[in-house]
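Asker: Any chance you could fold what I've pasted below:
(2 chains)
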Protein chains: 2
Amino acid sequence: MVAPFRWLKGHGTENDFVLLPDPDGAVHGGLDAGLVRALCDRRRGIGADGVLRVVRAAGYDDPAARLAAANGAEWFMDYRNADGTTSQMCGNGIRVFARFLAHEGLADPDVALRVGTRDGTKLVRWLDDGQIGVDMGRIRALGEVKIGVAGRRWPAVHVDTGNPHAVVFVDSLDDAGPLRESPWYDPAGFAAGVNVEFAVRLGDAAVAMRVFERGVGETRSCGTGACAVAAVVAGAVARPVTVVVHTPGGALEVRLGPELWAERTGPAVLVAEGTYPIH
Amino acid sequence: MVAPFRWLKGHGTENDFVLLPDPDGAVHGGLDAGLVRALCDRRRGIGADGVLRVVRAAGYDDPAARLAAANGAEWFMDYRNADGTTSQMCGNGIRVFARFLAHEGLADPDVALRVGTRDGTKLVRWLDDGQIGVDMGRIRALGEVKIGVAGRRWPAVHVDTGNPHAVVFVDSLDDAGPLRESPWYDPAGFAAGVNVEFAVRLGDAAVAMRVFERGVGETRSCGTGACAVAAVVAGAVARPVTVVVHTPGGALEVRLGPELWAERTGPAVLVAEGTYPIH
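Answerer: From the prediction side, this is the model:
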């Protein structure tokens, strides 16, 4: 039985997370996959799409954390999917992570923040309207792949945002069906799985999307997925553009500059806090 | 903005609840339906099938609470569905409610407990194996009705357990489809809506079920629903019998005596506790 520990819950456009404050890596250490699954279970646990362990980069014995510390990031976002696996980066999670640091007085909300992730060190900006912007670096559109659901196949664009994505433009978001299991993809092209976005254009710089996240299932929103979709829109436009991406959980804005450099802005809310488990 | 208050989360066979300790009715008073919906929201809130406000019967200005106090119940279970509406009784919730009282030292786990509900005062027993038994009173089978899903109709038994139920025996639990909306029923027979159980016999005294709860949607388990299904099984057996009811969230046992008197036993677990909201 684990000793009771502190946690918080937060969400960004309804992509929700359990935060585990663990500054010195002394509470959760390796963070057991079984505990992650138990916390994320929506009936038997607290319920979330993933876990964000908040650890000092210098306090985590991991190559990515050591690199983050060398890059001047005090904090490292140890992100886990609801099934207990790791992902490189979580685009909605990093805003919630930053909100937590400001809430706890661990980050100065007047100064841009560096956050270490398994996808490198990210720059986070505090916007005047309360939203949070994240420099997502360069998005890379890698060419055409195929995605399938229930016997139907579409051409898709393979986009690398740090995580692997496949972006499919469909006529209607209903075309993807109930999405209770992963869409079909060619495992030769995506050895570590792929996040799939189904998108519908709403205008030159506006798009609606649904997302199936590997290791999680369909979620209400996906920050890196929004960047992937926006990059495909921007690639068609071929000039710097701000794309509004409407997810089921809310709107995100993606500013795309030269060579598909991206900053994504959106909300981040802390909901509740407490201890787990109860003895 | 509400002032931060204490809450706990618990579940019984994966039917999960936010508990709001409010002994003197001073914290949550009328308990606004909007707050119930916010707490039960699985992405933006804590997430649950319903809310259990824990209030002293004498501290709640409600006819059912006054009756409970007169019947010797110290505590009243003010149960709300996830959509903010009230229900008379929640069969899994009352076990979680009792577990909370014992955990807080508000009930003696060696003595049977009386709990006030909008369906009258219930007797709760603490079993040696850690499970909790609830005297559900008499179950009344009221005759045949019709239930429909997606153009298909089945004969069903109208059962009153304090809540209205319709029990449908199907060939396979998949026959009811994804159950994203309420099954069809005759509104003339169920003016306040109905909970619908789809059941498959597994043997003389064993049954599997799915349930669609009015005001909530499909849930992992429903305690009064398990009693309703067991009563239909026992009615066919026509002698005292113990029926094991397998729900998606776990097994419940229903002991049926003469005239369909029922005691239902099952687990109750407290998961986490904390404060809400975060300012």
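Asker: Quick check: mean pLDDT of the longest helix seen in chain A?
Answerer: Scanning chain A for the longest helix, with DSSP state H as the assignment, gives helix A:223-237. Averaged across helix A:223-237, the pLDDT comes to 90.
Asker: List the buried residues of it.
Answerer: Buried residues in helix A:223-237, defined by neighbour count with 16 or more other C-beta atoms under 10 Å in any protein chain shown: A:223-234. Placement of C-beta: from N, CA and C, glycine included.
Asker: Can you tell me which of these is nearest residue B:253?
Answerer: Checking these against residue B:253 with C-beta to C-beta, the nearest one is residue A:225 at 45.1 Å.
Asker: thought that closest one was touching residue A:194?
Answerer: No: with contact defined as C-beta atoms under 8 Å, residue A:225 does not count as touching residue A:194 (10.7 Å).
Asker: Can you tell me which helix or strand of chain A has the lowest average pLDDT?
Answerer: Least confident helix or strand of chain A, by mean pLDDT, DSSP states H and E, is helix A:223-237 with a mean of 90.
Asker: what does the very next helix or strand once past that one contact?
Answerer: On the C-terminal side of helix A:223-237, the nearest following helix or strand under DSSP states H and E is strand A:241-247. Contact with strand A:241-247 is made by A:13-14, A:202, A:205-211, A:220-222, A:226, A:229-230, A:233-234, A:251-256, as judged by C-beta atoms under 8 Å, 6 or more residues apart in numbering or on different chains.
Asker: same thing but at 6 Å, please
Answerer: A:13, A:205-209, A:221, A:226, A:229-230, A:233-234, A:251-256 (C-beta atoms under 6 Å, 6 or more residues apart in numbering or on different chains).
Asker: Run the chain-centre distance for it.
Answerer: 16 Å (C-alpha atoms, centre = their mean, to the nearest Å).
Asker: hmm, the helix or strand just after it touching chain B?
Answerer: Using DSSP H and E, the helix or strand that follows strand A:241-247 in sequence is strand A:250-256. No: using C-beta under 6 Å from any C-beta of the partner chain, strand A:250-256 never reaches chain B; the gap is at least 9.7 Å.
Asker: Same question for stretch A:77-96.
Answerer: No: between stretch A:77-96 and chain B, judged by C-beta under 6 Å from any C-beta, nothing touches; the nearest distance is 11.0 Å.
Asker: buried residues in stretch A:243-255?
Answerer: Residues A:243-255 are the ones in stretch A:243-255 that count as buried (16+ other C-beta under 10 Å).
Asker: for stretch A:188-198, same thing?
Answerer: Here stretch A:188-198 shows A:190, A:193-198 as buried, counting by 16+ other C-beta under 10 Å.
Asker: and chain A, which of its residues are near chain B?
Answerer: By C-beta under 6 Å from any C-beta, the residues of chain A that approach chain B are A:11, A:14, A:16, A:42-44, A:46-47, A:220, A:270, A:272-276, A:278.
Asker: ok, which pair from these is furthest apart?
Answerer: A:220 and A:278 (27.9 Å).
Asker: which of these two has more neighbours?
Answerer: Taking other C-beta atoms under 10 Å in any protein chain shown, residue A:220 and residue A:278 do not tie; residue A:220 has more neighbours (21 against 17).
Asker: Quick check: pLDDT value at that one.
Answerer: The model's pLDDT for residue A:220 equals 91.
Asker: who's in contact with it?
Answerer: Shown here is residue A:220, whose contacts under the criterion C-beta under 6 Å, 6+ apart are A:14-15, A:248-249, B:43.
Asker: Other residues contacting stretch A:137-150?
Answerer: A:153-161, A:166, A:168, A:176-177, A:183-185, A:189, A:196, A:227, A:231, A:235, A:259-262.
Asker: Could you rerun that using 8 Å?
Answerer: Here stretch A:137-150 has contacts from A:120, A:122, A:153-162, A:166, A:168, A:175-177, A:179, A:183-186, A:189-190, A:196, A:227-228, A:231-232, A:235, A:256, A:259-262, using C-beta under 8 Å, 6+ apart.
Asker: one step back: got the angle for the longest helix of chain A vs strand A:250-256?
Answerer: 50 degrees (axes from the mean of the first three to the mean of the last three C-alpha atoms, to 10 degrees).
Asker: Strand A:241-247 and helix A:223-237, what's the angle between them?
Answerer: Going by the same axes, to 10 degrees, helix A:223-237 makes 140 degrees with strand A:241-247.
Asker: As PDB, could you dump the C-alpha coordinates of helix A:223-237?
Answerer: The C-alpha coordinates for helix A:223-237 follow below in PDB (Å, rounded to 0.1, in the frame of the first residue of the first chain):
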ATOM      1  CA  GLY A 223      -2.200  20.200 -27.800                       C
ATOM      2  CA  THR A 224       0.400  18.600 -30.100                       C
ATOM      3  CA  GLY A 225      -2.400  17.300 -32.300                       C
ATOM      4  CA  ALA A 226      -3.800  20.800 -32.700                       C
ATOM      5  CA  CYS A 227      -0.300  21.900 -33.900                       C
ATOM      6  CA  ALA A 228      -0.100  19.000 -36.300                       C
ATOM      7  CA  VAL A 229      -3.500  19.900 -37.800                       C
ATOM      8  CA  ALA A 230      -2.500  23.600 -37.900                       C
ATOM      9  CA  ALA A 231       0.800  22.800 -39.600                       C
ATOM     10  CA  VAL A 232      -1.100  21.000 -42.400                       C
ATOM     11  CA  VAL A 233      -3.400  24.000 -42.800                       C
ATOM     12  CA  ALA A 234      -0.400  26.400 -42.800                       C
ATOM     13  CA  GLY A 235       1.500  24.200 -45.300                       C
ATOM     14  CA  ALA A 236      -1.400  24.600 -47.700                       C
ATOM     15  CA  VAL A 237      -1.300  28.400 -47.100                       C
END
